[in-house]
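**Q** Sequence first, predicted model second:
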Amino acid sequence: MMTTGIVESRGQALAIHNLSLEFPTFSGAIKALDNVSINVAKAEIVGIVGESGCGKSVTTMAATGLLPKGRYRVTGGSVRIFGHSTLAMDESQLQDVRGKMVSTIFQEPMNALNPTIRIGKQLTDVIMRHEEASLTDARRIARDILADMLIGEPERVMNLYPFELSGGMRQRVLIAMAFSCNPGLIIADEPTTALDVTVQAVILRLIQNRARRTGTSVIFISHNVAVVSQLCDRLYVMYAGRIVEQGATRTVLDAPQHPYTQALLRCLPERVAPKQELEAITGAVPNLMHPPAGCYFQPRCKEAVDLCRSRSPQLEGADGRQVACWRRGVGPEISEQGSRQ
Amino acid sequence: MSAVMPTEPAAASPSMRSTKSITQRLRYLWYLSRRSPLTLVGAAIILLVLIMIIAAPMIAPYNPDKVSLTARLLPPSTAHWFGTDEVGRDLFSRVIYGARASCGAAFMIVLISMSIGVLIGCFSGVVGGRVDTAIMRLMDVVLALPALVLAMALAAALGPSLFNSMLAVAIVRIPAYVRLARGQTLSLREQVFVKASRTFGASPFYILRWHILPNAMSPIIVQATLDLGGVVLIAAALSFIGLGAQPPTAEWGALVSSGRSYMLDQWWYATFPGLAILITAMGCNLVGDGIRDMLDPRLRGR
């Protein structure tokens, strides 16, 4: 049903183009994002994977204007959500975008609902904020969407306070809230990390089914490759604020090109035979205040050559499949150039 | 879709009730109070004072302002439980009516300083930056003012009255609430549900009204109940030195003040209003402590 790769023809839900962003600190700027480009087509489910601190969340928070004011600086690039440039918007314009065009599902369902307000009011307030709906209409919409999230007795749940629900139930409520105003794009920021493994699959299916049915685009942010592989049409791999590899989920996972992606996949227990040692990526994530010269992965990369240490590679390749590595997917003349240096 | 619902494992068990009956709530309150009988004593005192305020004309045996020169300075008796004053007014009736002025004033003071303080504090915490710094330094200045001195200054400028002294005490009490509310706001602002609400397009006002205020209230309420006792004392003190309620008004501090000169021979004149002040202040403090313990889960576990 879903096609992957070429996205321009169907219109973009999210188009981040060469976004660079830094956090100024007293001891220097932290270059959190460097030339990040992410495209999400309408009705496409896209995954962003990478380890903690690689800029996954920062990318999406910057796109929706949720980073703390005055604490960051966009040094280049653009963000368009359904054609609207969000970087130029003021706070009240952003409020209209958030919830209506794009909404977010958070990692911590235990803390993402206000403990002093009943579930029903929290849901209907969001609906009435964005839709021309009376309270009775809003309650009906809320009830329907809760039922759609496989919550039995939605009417009763709406009269409960968040502490009366389990983590899985709260996450369903939050997903319902995210979908309640039919946004075109949903950002799911590690939505199952805090949940029991048995609940994870259910929650992921709920998001996927609803998104497929309503034609909603979803960005899945995760450090869990297994989760992403089941759900996403396309995958972005981030490392230290840069996109290192991009492509259809199957191709990226079956034939990873970038050494970082390869190393990442070798770390997964389910991809290694029993009793075999798991591999760890040697070295540590670079300090983004003083990033290494050239490719950021080069200090930990086994295949690094001189060129990798002097110039940073750009994403290259056909549109559906791109890798940022001097040793992959580029013409022989660059490899020769590399050996010459 | 509906066919799957009953088998859904995460659906909460039907035994979980969403609404508790009033008797259940009362029973829970009783259970909490039983652990600290002192809280119950405090609550009983406050209830008593409330009854005095509401039903003063029904309880008081005499008109508190009725002068009877034949019955001057009588000692406590069955006719006059607390005795009479220098113009023959029944002290028991005056103490009961005094609750209106004294406790009414204390309540108003706390209410005013709490509402203003909480508003300023939440605003300060939400806005942040230079505005926040300016407000907090201003509050430091106010905090440095002694209530009595400010009340004297106000009395000197506007003339002594219960209202002016209430104003003075209320102003001095504001910073405590500002600091409390601001601290709560700062920590709540970083909570995930506030951030989540922003991702759903909530406006700053909505966040303030529905996310910050309700969650910041419990320590503020504790502070207010604890304050009530102290404010009863201060209001009485102001009346005692002549800055608050003026003599014909029945007010506990004023009663003690005029009874002062008869202290040696007519002990009852100053003693009974004084006891009323003491007991009321103590009742407020006991309830305040009790509420604090109930709201603090770490103390509840004892």
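**A** Done, it's in. No experiment lies behind these values; they were computed from the predicted model shown.

**Q** ok, the closest residue to chain B within the stretch 101-250 of chain A to A:Pro183 distance?
**A** Nearest to chain B in the stretch 101-250 of chain A, going by C-beta to the nearest C-beta, is A:Gly152, at a distance of 3.4 Å. Yep, even glycine has a C-beta here, placed from its N, CA and C like the rest. Note on A:Gly152: its distance to A:Pro183, by C-beta to C-beta, to the nearest Å, is 26 Å.

**Q** likewise B:Asn164?
**A** Separation of B:Asn164 from A:Pro183 (C-beta to C-beta): 56 Å.

**Q** Also B:Ile22?
**A** Taken as C-beta to C-beta, the span from B:Ile22 to A:Pro183 is 42 Å.

**Q** ok, now A:Val285?
**A** When A:Val285 is compared with A:Pro183 (using C-beta to C-beta), they lie 32 Å apart.

**Q** A:Arg80 too?
**A** Separation of A:Arg80 from A:Pro183 (C-beta to C-beta): 15 Å.

**Q** between those two, who's got more neighbours?
**A** Each of A:Arg80 and A:Pro183 has its neighbours counted (other C-beta atoms under 10 Å in any protein chain shown); A:Pro183 has more, 26 against 17.

**Q** Could you pick out the longest helix of chain A?
**A** In chain A, with assignment by DSSP state H, the single longest helix is helix A:197-214.

**Q** so what does that helix touch, helix or strand wise?
**A** helix A:167-179, strand A:185-189, strand A:217-222, helix A:225-231 (3 or more C-beta pairs under 8 Å, 6 or more residues apart in numbering or on different chains; DSSP states H and E).

**Q** cutoff 10 Å now
**A** Helix A:197-214 is packed against strand A:45-49, helix A:135-148, helix A:167-179, strand A:185-189, strand A:217-222, helix A:225-231, with contacts defined by 3 or more C-beta pairs under 10 Å, 6 or more residues apart in numbering or on different chains; DSSP states H and E.

**Q** C-alpha coordinates for the longest one, CSV please?
**A** In this case it means helix A:135-148. What follows is helix A:135-148, C-alpha atoms only, in CSV (Å, rounded to 0.1, in the frame of the first residue of the first chain):
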residue,chain,number,x,y,z
LEU,A,135,-18.7,20.5,24.6
THR,A,136,-21.1,17.7,23.8
ASP,A,137,-19.5,17.3,20.3
ALA,A,138,-16.0,17.4,21.8
ARG,A,139,-17.0,14.7,24.3
ARG,A,140,-18.4,12.6,21.6
ILE,A,141,-15.2,12.9,19.5
ALA,A,142,-13.2,12.2,22.5
ARG,A,143,-15.2,9.1,23.3
ASP,A,144,-15.0,7.8,19.8
ILE,A,145,-11.3,8.2,19.6
LEU,A,146,-10.7,6.6,23.0
ALA,A,147,-12.8,3.6,21.8
ASP,A,148,-10.6,3.6,18.7
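
**Q** Could you figure out how far it is turned away from helix A:167-179?
**A** For helix A:135-148 against helix A:167-179, the angle by axes from the mean of the first three to the mean of the last three C-alpha atoms, to 10 degrees is 130 degrees.

**Q** for stretch B:102-109, the distance to its chain's centre please.
**A** With C-alpha atoms, centre = their mean, to the nearest Å as the basis, stretch B:102-109 stands 8 Å off its chain's centre.

**Q** Need the contact partners of the strand or helix carrying B:Met136.
**A** Assigning secondary structure by DSSP states H and E places B:Met136 in helix B:129-143. When contacts are defined by C-beta atoms under 10 Å, 6 or more residues apart in numbering or on different chains, helix B:129-143 is touched by residues A:69-70, B:117, B:120-121, B:123-127, B:150, B:171-179, B:182, B:185-186.

**Q** Sort out which residues of that helix are buried, please.
**A** Residues of helix B:129-143 classed as buried: B:132, B:135-136, B:139 (neighbour count, 16 or more other C-beta atoms under 10 Å in any protein chain shown).

**Q** Give me the below-cutoff pLDDT ranges for the chain.
**A** Since no chain was named, I'll use chain A. Residues of chain A meeting the criterion pLDDT under 70: A:1-10, A:319, A:329-341.

**Q** that's the wrong chain, I wanted chain B
**A** If you take pLDDT under 70 as the line, chain B has these spans: B:1-20, B:32-33, B:296-302.

**Q** By residue count, which helix of it is the longest?
**A** As assigned by DSSP H, the longest helix anywhere in chain B is helix B:91-127.

**Q** Please give the number of neighbouring residues around residue 86.
**A** Using chain A here. When neighbours are defined as other C-beta under 10 Å, A:Thr86 has 22 of them.

**Q** Sorry, I should have been clearer: chain B.
**A** As a measure of burial, B:Glu86 has 15 neighbours, counting by other C-beta under 10 Å.

**Q** Help me confirm that A:Thr282 is found in a strand?
**A** No: using DSSP: H, G, I helix; E, B strand; the rest coil, the assignment for A:Thr282 is coil, not a strand.

**Q** quick one: it from B:Pro273, how far?
**A** Per C-beta to C-beta, A:Thr282 is found 82 Å from B:Pro273.

**Q** quick one, which of the two is more surrounded?
**A** B:Pro273 (28 against 10).

**Q** Can you give me the separation between A:Ile281 and chain B?
**A** As judged by C-beta to the nearest C-beta, to the nearest Å, A:Ile281 and chain B stand 30 Å apart.

**Q** which residues touch that residue?
**A** A:51, A:259-260, A:262-264, A:266-267, A:297, A:300-302.
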